[in-house]
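>>> predicted model and sequence follow; I will ask about them next.
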Amino acid sequence: MNFLYQIAPNLEPLGGELLKCIRQTFQMLMVSGLIAFFLGVLLGVLLTVTKSDGIMRNPILYKFLDKIIDVIRSIPFIILMVLLIPLSRALVGTGSGVTGSYVALIAGTVPFFARQIESVLADVDYGLVEASEAMGFSPTEIIFSVYLKESIPGITRVTMITFVSLIGITAMAGAIGAGGLGDFAIRYGYQMGYRDMIWVTVIIILAIISVIQFIGNVIIKRTTH
Amino acid sequence: MIKLEKVSKIFHSGGKEIPAVQDVTLDIQEGEIFGIIGFSGAGKSTLVRCINLLEKPTAGRVTVDGVELTGLDEKKLREVRRKIGMIFQHFNLLRSRTVYQNIAFPLRKSSLSKAEKDEKINSLLELVGLADKKDAYPSQLSGGQKQRVAIARALANDPKVLLCDEATSALDPQTTKSILGLLKKVNEELSITIVLITHEMAVVKDICDRVAIMELGRVVEQGTAEEIFVHPKEHLTRDFISTASNMDKFLELVEQNNELTRLGTGDKLVLLTYSANNAGEPVISYLAEAFSVKANIIYGNIDILKGKTIGKLGVALSGEPEQMEKALAYIKEQKVEVEVVKE
């Protein structure tokens, strides 16, 4: 500990605050990450199967999803966040703080993630789908046991990419009072000019990303044959 | 077993109508191996997909094992499909599953117990000769082994029909032979009706009982493999047959007026086709004896179709015009097919 305080002198008075911010970042990552993952996969699957050559062809739904994803994706996150405050109030009761950040974080992640899922699923050989149809499987069964099961390595890969960008946008959530490491870095590293605190946040974020990437790589390795 | 009645499939692309299958009527008998041959784009892959309704016919009726598939709803159709196995050119195995799991895949919906499924899968592995590969992943297998897994998978639900879409087209000749051997075994031991799509006449020659020739979405000729080989009616059929023997080489020589096939005045170049019932007759030597017509053999080929011999001889005949006529008449009398290639 003493050694740490030596190289980062501001850690001693700010340690408690830093821990709080780490907790906030984790909360944002966990809650919005988990929800965004399921929504993204769902949307990616919907895009894939409702396409004109998909197994549940539905041009109207496809067009609608396609457009809405493009629209949301093109709004810069910091603006999206402010834009969604009323929606967040309606859904979770507040437009600020950690709880108030979820809606924006999910909206900022899902469109990007859904597109990536769509491109991963597009790599599934249509022959497999055809073979499964010939074996008498229903579209739902094909989605789970062919599209998703066959794509686990690809889904893991794009989940890692998206996770990194989610960490990026959680750092911006400080703007609506959600706290977190980004907020910590702005307050102490930028406004107070504590360079050591910038380094500390960078190292913590790198550590989080490394752990996630390590887990992801293990999953990819285990599921690629 | 499989009845197609006036089946048509029209694709719509960019406002245009593309007829892939037109007015096809076929009656495939129980227990036979039925070949459908045609060049790529002839519509044979679409036709075979019309049998299990992977492609919904635009018109016509499809009946398999007494059930009219074209009248079924999706749910019923899925049930019926389990009794129609299918294998593909590119095998279509699930990469994330082992050989064992791939074969187990279609059994998910079966009512067998876990132990029964296990027994079933192991016996299928035994049948296709891959018992030692059960825990391998498809990426670790050769093309031929992959197709064997695909066959085992297609047989898991005890189908009555096996559809093969260009099943040997991605394989080398040696492997093709072994896969065809396996299909024949499946046909004989499990009495499964096989419909086989191919562009190779050699495949038809090896295992098919009956064959249909397709061109531009239509069946232009059909019959037993022997009939088709011995009495091809359509030009396209002849083309396929000549690719299966070396006959195209011979006809090329004739066309190029090669030395080998150059004729003296009054000589005739004829192609004789012997089939099972006359392959034993010493026709050629009799020509010299009885009519003093000399026969110079330029080309010869023997095919064995389902144990029946079919011989083709390209012969240059020379002799007195009158004697030649008699000789040709004699040959025909022996029920040997004669086609004058060049005079």
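Yep, it's here.
>>> what about the chain, any weak spots by pLDDT?
Chain wasn't specified; assuming chain A. A:1 (pLDDT under 70).
>>> not quite, I wanted chain B
For chain B, the stretches with pLDDT under 70 are B:276-281.
>>> run a quick neighbour tally on B:Asp73.
7 (other CB atoms under 10 Å in any protein chain shown). Every residue, glycine included, has its C-beta placed from N, CA and C.
>>> and for B:Leu125?
Around B:Leu125 there are 20 residues (other CB under 10 Å).
>>> isn't there a helix covering it?
Yes. Using DSSP: H, G, I helix; E, B strand; the rest coil, the assignment for B:Leu125 is a helix.
>>> quick check: closest non-adjacent residue to it.
Using CB to CB, 6 or more residues apart in numbering or on different chains and skipping the chain neighbours, the partner closest in space to B:Leu125 is B:Ala131 (4.6 Å).
>>> that neighbour and B:Leu260: what is the separation?
As judged by CB to CB, to the nearest Å, B:Ala131 and B:Leu260 stand 52 Å apart.
>>> likewise for B:Pro282?
For B:Pro282, the distance to B:Leu260 equals 24 Å [CB to CB].
>>> neighbour-wise, which of those two wins?
Ranked by neighbour count (other CB under 10 Å), B:Pro282 and B:Leu260 place B:Leu260 first, with 14 against 9.
>>> B:Asp132: neighbouring residues, count only.
Using other CB under 10 Å, B:Asp132 has 9 neighbouring residues.
>>> do you know how far it is from chain A?
Distance, B:Asp132 to chain A, using CB to the nearest CB, to the nearest Å: 18 Å.
>>> how about the residues of chain B by chain A?
Residues of chain B lying close to chain A by CB under 8 Å from any CB of the partner chain are B:52, B:54, B:74, B:78-82, B:84, B:86, B:88, B:90, B:92-97, B:105-106, B:108-109, B:137-140, B:153, B:157, B:163.
>>> all helices for chain B, in order.
With helices called from DSSP state H, chain B shows them at B:44-51, B:74-81, B:99-104, B:114-128, B:143-155, B:173-189, B:201-207, B:225-230, B:235-244, B:247-255, B:283-291, B:321-333.
>>> and chain B, what are its domains?
As assigned by automatic domain parsing, chain B contains the domains B:2-243, B:245-342.
>>> roughly how far apart are the residue nearest the centre of chain B and A:Phe144?
In chain B, the residue lying closest to the centroid (CA atoms, centre = their mean) is B:Val204, at 2.9 Å. With distances taken as CB to CB, B:Val204 is found 40 Å from A:Phe144.
>>> wait, what's in contact with B:Ser318?
For B:Ser318, the contact set (CB atoms under 8 Å, 6 or more residues apart in numbering or on different chains) comprises B:Leu263, B:Gly264, B:Gly266, B:Asp267, B:Lys268, B:Val293, B:Lys294, B:Asn296.
>>> let's see which of those residues end up in strands.
Within these, residues falling in strands by DSSP state E are B:Lys268, B:Lys294, B:Asn296.
>>> bridged to the first one, which residues?
Listed beta-bridge partners, B:Lys268: B:Leu317 (assigned using DSSP bridges).
>>> which parts of chain A sit against chain B?
With CB under 8 Å from any CB as the criterion, chain A comes near chain B at residues A:125, A:127-128, A:130-138, A:141, A:145-146, A:149-150, A:152, A:223, A:225.
>>> same thing but 7 Å
Residues of chain A that fall close to chain B, judged by CB under 7 Å from any CB of the partner chain: A:125, A:127-128, A:130-131, A:133-136, A:138, A:146, A:149-150, A:152, A:223, A:225.
>>> generate a ChimeraX selection restricted to the buried subset of the residues you listed.
The ChimeraX selection below is limited to those of those classed as buried (16 or more other CB atoms under 10 Å in any protein chain shown):
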select /A:125,128,130,131,133,134,135,136,146,149,150,152,223
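>>> pull the longest helix from chain A.
Chain A, longest helix under DSSP H: helix A:11-50.
>>> show me what counts as buried in that one.
For helix A:11-50, the neighbour count (16+ other CB under 10 Å) marks A:11, A:14, A:18, A:21-22, A:24-25, A:27-29, A:31-33, A:35-37, A:39-41, A:43-50 as buried.
>>> what of stretch B:235-242?
Applying 16+ other CB under 10 Å to stretch B:235-242 flags B:Leu236, B:Thr237, B:Arg238, B:Asp239, B:Phe240, B:Ile241, B:Ser242 as buried.
>>> before we move on, the earlier item: packing partners of the following helix or strand past the longest helix of chain A?
Under the assignment DSSP states H and E, the closest C-terminal helix or strand after helix A:11-50 is helix A:59-73. If you count contacts as 3 or more CB pairs under 7 Å, 6 or more residues apart in numbering or on different chains; DSSP states H and E, helix A:59-73 packs onto helix A:11-50, helix A:97-122.
>>> swap in 10 Å and give it another go.
helix A:11-50, helix A:77-83, helix A:97-122 (3 or more CB pairs under 10 Å, 6 or more residues apart in numbering or on different chains; DSSP states H and E).
>>> and the ones in strands among the contacts of B:Ser318, which of them are buried?
If you count burial by 16+ other CB under 10 Å, the buried members of the ones in strands among the contacts of B:Ser318 come out as B:Lys268.
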